[in-house]
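In: Please work out how this folds:
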Amino acid sequence: MLLYNAGYRNLFWVQGGLEAAEEVDLVREGPEPFKLAGIGGLSEFLGFGLTNKELQLPKKVGVFLVADGLFIGAQQLDHYLQDIRSH
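Out: Take a look at the predicted model:
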């Protein structure tokens, strides 16, 4: 209802989501398959929705960045707590 109120008039419901839609069921603009239509944001950045081979590098980079961030954050927290205790 929110999209309709915003001015979108060509709305439809796909039972089971776009993952269940066959390519012949709907008219599409662009090369991307419907199964990838709901993917966006961080999931898309990390490579979810890509084939398994295409997914490997972005996932590894994402996991590395998260692990590195947690490690650096833990070190900073340790320095902060030691600083508080020394005063």
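In: Give me the below-cutoff pLDDT ranges for this structure.
Out: 1, 18-19, 35-56 (pLDDT under 70).
In: rerun that using 90 as the cut-off
Out: For the chain, the stretches with pLDDT under 90 are 1-64, 85-87.
In: now the helices for it?
Out: 2-5, 41-46, 52-86 (DSSP state H).
In: could I get the ones you listed as TSV with mean neighbour count and distance to residue 14?
Out: The way it works is simple: take the backbone N, C-alpha and C, and place the C-beta from them, glycine included. Listed next are the helices of the chain as TSV, based on neighbours: other Cβ atoms under 10 Å; distance: least, Cβ to Cβ, whole Å:
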stretch	mean neighbour count	distance to residue 14
helix 2-5	8	14
helix 41-46	12	19
helix 52-86	10	25
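In: could I get these as CSV with distance to residue 20?
Out: Converted to CSV, the helices of the chain look like this (distance: least, Cβ to Cβ, whole Å):
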stretch, distance to residue 20
helix 2-5, 20
helix 41-46, 19
helix 52-86, 21
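In: Looking at these, which is nearest to residue 27?
Out: helix 2-5 (18.2 Å; Cβ to Cβ).
In: can I get the CA coordinates of the closest one in PDB?
Out: Extracted in PDB, the C-alpha atoms of helix 2-5 (Å, rounded to 0.1, in the frame of the first residue of the first chain):
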ATOM      1  CA  LEU A   2       2.900   2.300   0.700                       C
ATOM      2  CA  LEU A   3       4.300   2.100  -2.800                       C
ATOM      3  CA  TYR A   4       0.800   2.600  -4.300                       C
ATOM      4  CA  ASN A   5       0.400   5.800  -2.100                       C
END
